[in-house]
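Chemist: structure for the following, please:
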Amino acid sequence: MRKAFCILLLAALALPVAAQRTRGRALLEDLSGRNRFAWEYDADFRYIFDNREFAASQDALIPSGTLNVLVLAPTVGFSVQQTRRVHHRIAVGLELAHDMGSQTWAGLAREPLAYYDAHVYARKGVFEGLAGIFPRRFLEGEYTEAFFSGGHRDTDRNLEGLLLKWRSQRFYTELGCDWMGRYGYDRRERFQVVGFGRWAATDWLSLGWTGSFYHFACSELAPNVVDNHLLEPWLKVDLARRTGWQELSLRAGALVGYQRDRGRRGGPQTPYGGDVILTARRWGVALQNETYFGGNLLPLRGLTDPSGHAYSTDLYFCSPCYNGFYDRLELAWTPSLTRYLSMRIAVRAHFGRSGYLGCQQQFSLRFNLDALRHRDIVAGRCL
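Modeler: Down below sits the predicted model:
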């Protein structure tokens, strides 16, 4: 009897020790198998050439000139695979850019990069969230030049703020905020919220929307606030899967704007119009035609604020040709090189109410080290 009591006492004393060891082993397994730490590094290289030839006598609103720039954005950081479904990444770096022909390295360092990137894998999709200063390429939505011109994308290459994305089998949406200006003596407080959504109803029909909410606030010199908002619901028919082409599509949308200078008399202006894009792509060669017809989407362009500054590219990021009838024809070649190297050669012709406006010749080359290092990148991670 005494012997049995001693055995039971020893077993009771050993249970907490065993439980502690089990918890310790589980913690070690969790740290080694789930909270996996890894160093990260990347280098994004871009060469951009864009030659614009427009005749001012033909009412051209795009100035002639050549953008010829070399961009290198190296980043370093680390990632943590918290669980099988949750992944974190932090990266810091610097965007370096050199304007070809300037014969000086002054201004080589353009903008710091520092951002947090997280992925959460749910049962029906993938959520991604970014915060900080990160490259514009993380935006995956289809924003026509009624929202961002090609020149704006090539010169304002980073966002400062937040970006939220959700991807499932047939649906994708994103919502981002870019904080562009801080209130000052002659510097306006300004930010832009952009959004995009696409639902694949069938293998040939997609429905979606694109939106922009831009708050062009005041400075000490210009105490007026300007609103510039634009929304485009659209539908897209793509017969690529049924024809064997890379793309054979028609995209039609309705653009509706809301603009108001609160420092001026009169109510808001609501320009609107229609936008139709036809695209045929095969063997890496694409022929695309975009036609806009409707009102002037830039009604405040050329007017001045109380300090005497004209509303120009600070208020409008779109192509200035969306002021009535506008047609753009593009022939482009984007050969399939490798996962981490892409190239594009294009020629564009622009037409407006007065006829032929001008043309562009474009060449771009991009090398992304991250795509080379992670050939099996998980779905949802932006390259």
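
Chemist: what's across from residue 215 in the sheet?
Modeler: residue 191, residue 227 (DSSP bridges).

Chemist: show the pLDDT at it.
Modeler: With respect to pLDDT, residue 215 scores 94.

Chemist: equivalent analysis for the one 3 residues further on, please.
Modeler: pLDDT recorded at residue 218 is 87.

Chemist: what about it, which SS state?
Modeler: Classification of residue 218 by DSSP: H, G, I helix; E, B strand; the rest coil places it in coil.

Chemist: my guess is it contacts residue 224, does it?
Modeler: Yes: under the criterion of Cβ atoms under 8 Å, residue 218 makes contact with residue 224 at 5.9 Å. Heads up, the C-betas are built off the backbone N, CA and C, glycines and all.

Chemist: which stretches of the stretch 51-200 of the chain form strands?
Modeler: For the stretch 51-200 of the chain, the strands defined by DSSP state E, counting those that start in this stretch cover 65-81, 86-99, 109-121, 126-135, 158-167, 171-181, 190-200.

Chemist: just for the stretch 1-150 of the chain, where's the confidence low?
Modeler: For the stretch 1-150 of the chain, the stretches flagged by pLDDT under 70 are 1-33, 56-60.

Chemist: try 80
Modeler: Residue ranges of the stretch 1-150 of the chain with pLDDT under 80: 1-33, 55-61.

Chemist: contacting residues for residue 306?
Modeler: 221-224, 263 (Cβ atoms under 8 Å, 6 or more residues apart in numbering).

Chemist: okay, now residue 231: neighbour count?
Modeler: Neighbourhood size, residue 231 [other Cβ atoms under 10 Å]: 17.

Chemist: the helices in the stretch 251-383 of the chain, which residues?
Modeler: Under the criterion DSSP state H, counting those that start in this stretch, helices of the stretch 251-383 of the chain are mapped to 369-373.

Chemist: re earlier: tell me the most packed of the contacts of residue 306, by neighbour count.
Modeler: residue 222 (20 neighbours).

Chemist: surely that one meets residue 190?
Modeler: No: the criterion here is Cβ under 8 Å, and residue 222 misses it with residue 190 at 11.4 Å.

Chemist: burial measure for the residue lying closest to residue 280 once chain neighbours are set aside, as a count.
Modeler: Spatially, and ignoring its direct neighbours in sequence, residue 280 is nearest to residue 287 (5.1 Å; Cβ to Cβ, 6 or more residues apart in numbering). By the criterion of other Cβ under 10 Å, residue 287 has 13 neighbours.

Chemist: what does stretch 284-298 contact?
Modeler: 144-146, 230, 246-247, 255, 257, 271-281, 316, 318, 320-336.

Chemist: of the residues you listed, keep whichever come out buried.
Modeler: 144-146, 230, 246, 255, 257, 271, 273, 275, 277, 279-281, 316, 318, 320-324, 326-330, 332, 334 (16 or more other Cβ atoms under 10 Å).

Chemist: can you tell me what sits against stretch 356-373?
Modeler: 41-55, 58-60, 62, 64, 150, 321, 332, 339-351, 377, 383.

Chemist: now restrict those residues to buried residues only.
Modeler: 42-44, 46-50, 52, 54, 60, 62, 150, 321, 332, 340, 342-346, 348, 350-351.

Chemist: so which of these sit within strands?
Modeler: Residues of the buried ones among the contacts of stretch 356-373 located in strands (DSSP state E): 42-44, 46-50, 52, 54, 332, 342-346, 348, 350-351.

Chemist: end to end, how far does stretch 98-111 reach?
Modeler: Taking Cα to Cα, to the nearest Å, stretch 98-111 runs 13 Å from one end to the other.

Chemist: just stretch 301-311 next, same as before
Modeler: Terminal-residue distance, stretch 301-311 (Cα to Cα): 5 Å.

Chemist: just the buried residues of it, please?
Modeler: Those would be 301, 305, 311, for stretch 301-311 by 16+ other Cβ under 10 Å.

Chemist: contacting residues for residue 237?
Modeler: 204-205, 249-251.

Chemist: rerun that using 7 Å as the cut-off
Modeler: When contacts are counted by Cβ atoms under 7 Å, 6 or more residues apart in numbering, residue 237 touches 204-205, 249-250.

Chemist: next one: residue 209
Modeler: Contacts here follow Cβ under 7 Å, 6+ apart; on that basis residue 209 touches 197, 231-234.

Chemist: how close does it sit to residue 87?
Modeler: 29 Å (Cβ to Cβ, to the nearest Å).

Chemist: using PyMOL, define a selection of the buried residues within the contacts of residue 237.
Modeler: Burial among those is assessed by 16+ other Cβ under 10 Å; the matching PyMOL selection reads:
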select buried, resi 204+249
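
Chemist: for the contacts of residue 237, which one is nearest residue 170?
Modeler: Closest to residue 170 out of those is residue 205 (11.1 Å), distances taken as Cβ to Cβ.

Chemist: any idea which helix or strand carries the nearest residue to that closest one once chain neighbours are set aside?
Modeler: Nearest residue to residue 205, sequence neighbours excluded (Cβ to Cβ, 6+ apart): residue 237, at 5.8 Å. Per DSSP states H and E, residue 237 falls inside strand 226-238.

Chemist: what are the buried residues along whatever helix or strand comes next after that strand?
Modeler: The first helix or strand that comes after strand 226-238 along the chain, using DSSP H and E, is helix 240-243. Residues residue 240 are the ones in helix 240-243 that count as buried (16+ other Cβ under 10 Å).
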